[in-house]
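Chemist: test case, fold it:
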Amino acid sequence: MNIERFKNAPYDVIFEEWKTTHPDDPSSIELFKEAYEIFQYKLPNIGVKNDTQHFAANTLYWTNCPTIDNPYQTIWAYRSTAFFLFTGYPPSCINKTGNYFGVVRPVSIASNTVYFTTDVQKFRGVNLMMYGPFDSGDAAVIVIENAEFLIRIGLTLYTPLGLSRLSAITSDISEIKSNLATQSSIMASLKTNIASLEAQLGTITNSLNILGACITVLAVTFVIVIIRE
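Modeler: Okay, here's the model as predicted:
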């Protein structure tokens, strides 16, 4: 940024080239040094005082705030780079770890293990850590927010893919067992009803036998009476 609106032909040439140079390009640092030498020599900006400013930071719920031991960024909210306090600096700026750095984070970030059901490309988590890429069947510990999102869109599960299928099979078997138990209960009830009907039928049969015997006796008696007459 040329906030001083400094105009100098050699400086302008360097500045224009620097604007189009990638931060990872080694020439970016050399261009900065050349421009800074001209800037310091011409002194378009002369500081007239040097004072101390104090800013309070809540360290009960947040961590990695800029300090004298970790001065990755000023905490001034009105600076154009203040948003880096929340988004972090890209790895290409200083470090080469592949992770964003220099960001205010919650004191603790809950994580959980997820199992990928399909191939997933490399992504950046809400904790600014880079994850992946992953193949189907891989497991990884990632922050809860990302885990829940990936589960919602069907890319991961909280249980291994095999166990998930096994759980579904187990659930089906349990349902079949329940149905069999119900059918067995119905069969037992039918058996009880049949036994009851058999008992009733036996009683009716006995009654009919007695009635038949009575009719036979009456018939014989009737015949004898007729013969005597």
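Chemist: please enumerate the helices of the protein.
Modeler: Here the chain has its helices, by DSSP state H, at 9-19, 26-42, 84-87, 144-152, 161-228.
Chemist: any chance of the ones you listed in JSON lines, with distance to residue 128 and mean neighbour count too?
Modeler: Any C-beta I mention is one placed from the backbone N, CA and C, and that applies to glycine too. Shown next, in JSON lines, are the helices of the chain (distance: least, Cβ to Cβ, whole Å; neighbours: other Cβ atoms under 10 Å):
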{"stretch": "helix 9-19", "distance to residue 128": "26", "mean neighbour count": "14"}
{"stretch": "helix 26-42", "distance to residue 128": "23", "mean neighbour count": "14"}
{"stretch": "helix 84-87", "distance to residue 128": "8", "mean neighbour count": "16"}
{"stretch": "helix 144-152", "distance to residue 128": "11", "mean neighbour count": "16"}
{"stretch": "helix 161-228", "distance to residue 128": "28", "mean neighbour count": "10"}
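Chemist: between those, which gets nearest to residue 52?
Modeler: Between residue 52 and the helices of the chain, the shortest gap by Cβ to Cβ is with helix 84-87, which sits at 19.9 Å.
Chemist: rounded mean pLDDT for the closest one, please.
Modeler: Per-residue pLDDT over helix 84-87 has a mean of 75.
Chemist: alpha carbons of that helix, in PDB - could you do that?
Modeler: Taking Å, rounded to 0.1, in the frame of the first residue of the first chain, the C-alpha atoms of helix 84-87 are listed here in PDB:
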ATOM      1  CA  PHE A  84      -6.000 -12.000   9.800                       C
ATOM      2  CA  LEU A  85      -6.700 -12.300  13.500                       C
ATOM      3  CA  PHE A  86      -9.700 -14.400  12.600                       C
ATOM      4  CA  THR A  87      -8.700 -16.000   9.300                       C
END
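Chemist: against which helices or strands is the worst-scoring helix or strand of the chain on mean pLDDT packed?
Modeler: Least confident helix or strand of the chain, by mean pLDDT, DSSP states H and E, is helix 84-87 with a mean of 75. Using 3 or more Cβ pairs under 8 Å, 6 or more residues apart in numbering; DSSP states H and E as the contact test, no helix or strand touches helix 84-87.
Chemist: how far does it sit from the chain's center?
Modeler: 24 Å (Cα atoms, centre = their mean, to the nearest Å).
Chemist: same question, stretch 40-53
Modeler: With Cα atoms, centre = their mean, you get 51 Å for stretch 40-53.
Chemist: what of stretch 222-229?
Modeler: 102 Å.
Chemist: next one: stretch 53-66
Modeler: The answer for stretch 53-66 is 30 Å, by Cα atoms, centre = their mean.
Chemist: likewise stretch 138-149?
Modeler: For stretch 138-149, the distance to the chain centre is 5 Å (Cα atoms, centre = their mean).
Chemist: give me the pLDDT for residue 161.
Modeler: 68.
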